[in-house]
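Visitor: Have a look; sequence and predicted model below, questions after that.
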Amino acid sequence: MAIEIRPLQSLEDLHACEALQKRIWGFSDVSVVPHHLLLTAQMSGGVLLGAFDGDGEEMIGFVFGFLGYDPDHKRWKHCSLMCGVLQERRYRGVGYKLKRAQRERVLAQGLELVTWTFDPLQSANAHFNFRKLGVIARRYHPNLYGDIRDELNRGLPTDRLTVEWWIRSERVRSRLERPSPSQPSLPDAPAVNRTERHAGLLRNAEIRWDLEAERLWVEIPTDINALKQRDREAALRWREETRRIFQHYLARGYLVSEFFVTEEEEGGERRGFYLLERAPMAEVLQRS
């Protein structure tokens with residue numbers, strides 16, 4: 001499928017972007033970023049790009065962000081607010097092309113850092129962010145946005161990881177040179193949480209708070225949305241328990257450096273794991 005990526009500048013495109021936000025996330029009107037704000041941000045150094053199908057008529061995705069300042073690193077950065085693709089057009093590389101195009105425009109502005117937030121229980125987003133783009137994460141925010149008023153987040157607190165995309169780093173360059181990176185083996189490291197299945201649902205049987213190894217891994221459900229539909233209380237326990245895990249170990253000097261997806265030999269069950277490391281950030285960013 002041929003995809004055209006181009007800036008959204010006409011009023012027609014901007015209004016189409018408003019409508020697309022509703023289709024992608026189920027936003028109510030109050031949650032949609034309006035066309036005049038999209039335009040103002042773009043006129044002031046923001047990046048607003050649309051993805052169009054082969055005939056260039058239908059917008060199927062977009063990415064939007066603006067200039068910001070990072071107090072931790074004491075530098076200007078690009079704040080990526082939204083990147084979305086229509087449900088029926090996902091998993092075809094559209095989001096990946098949008099993020100690559102965003103990176104090129106941010107590099108042209110002389111910036112090196114792009115940040116955004118995402119729900120750490122969304123395993124598909126975790127795979128996209130860590131495996132394909134090469135982000136890292138050092139900050140966890142409980143219920144950051146409160147009530148977003150959309151369908152995706154309904155029913156759970158809006159906890160988020162802030163990811164850092166160091167777009168000039170060797171880590172990011174090497175990931176982008178391999179559009180389909182191979183999945184490495186799960187590293188030999190202690191597990192923070194030992195899981196089991198009970199009545200068909202994944203749950204934590206044990207959580208370790210005393211680990212000191214240089215690398216740790218943390219398992220999450222691979223489909224939190226399906227779990228939420230089946231058993232909201234079980235999904236809420238995962239939110240609360242992973243919140244405690246991330247806050248505890250990030251406060252002890254770990255950073256999130258990777259996300260792995262594995263399949264069990266029996267039954268082909270998929271499992272998802274975050275890798276936490278105590279290595280310096282500069283060392284992680286130098287790796288391919």
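Guide: Looks like it arrived, so ask away.
Visitor: Counting neighbours, what do you get for the closest residue to residue 217 other than its chain neighbours?
Guide: Excluding the flanking residues, the one nearest residue 217 by C-beta to C-beta, 6 or more residues apart in numbering is residue 273, at 4.6 Å. For glycine as for every other residue, the C-beta is placed from the backbone atoms N, C-alpha and C. Counted with other C-beta atoms under 10 Å, residues neighbouring residue 273 total 24.
Visitor: Just list whatever residues bridge to residue 62.
Guide: Beta-bridge pairing for residue 62 (DSSP bridges): residue 50, residue 84.
Visitor: Double-check it against residue 84; I have them as touching.
Guide: Yes. Residue 62 is within contact range of residue 84, at 6.6 Å (criterion: C-beta atoms under 8 Å).
Visitor: between the two, what contacts are shared?
Guide: Here residue 62 and residue 84 have residue 20 as joint contacts, going by C-beta atoms under 8 Å, 6 or more residues apart in numbering.
Visitor: Domain ranges for this structure, per the record?
Guide: 4-177, 193-286 (automatic domain parsing).
Visitor: Compute the mean per-residue pLDDT across the last one, please.
Guide: Looking back up the chat, that one is domain 193-286. Domain 193-286 comes out with an average pLDDT of 94.
Visitor: Please measure how far the first residue of that domain sits from its last one.
Guide: 29 Å (C-alpha to C-alpha, to the nearest Å).
Visitor: chain center to it, what's the gap?
Guide: How far domain 193-286 lies from its chain's middle: 15 Å, per C-alpha atoms, centre = their mean, to the nearest Å.
Visitor: returning to what we had before: compare neighbour counts for residue 62 and residue 84 and give me the winner.
Guide: residue 62 (25 against 21).
Visitor: pLDDT wise, what is that one at?
Guide: pLDDT at residue 62 comes out at 98.
Visitor: Quickly note the distance from it to residue 69.
Guide: Distance, residue 62 to residue 69, by C-beta to C-beta, to the nearest Å: 24 Å.
Visitor: Residue 142 now?
Guide: Residue 142 sits 23 Å away from residue 69, going by C-beta to C-beta.
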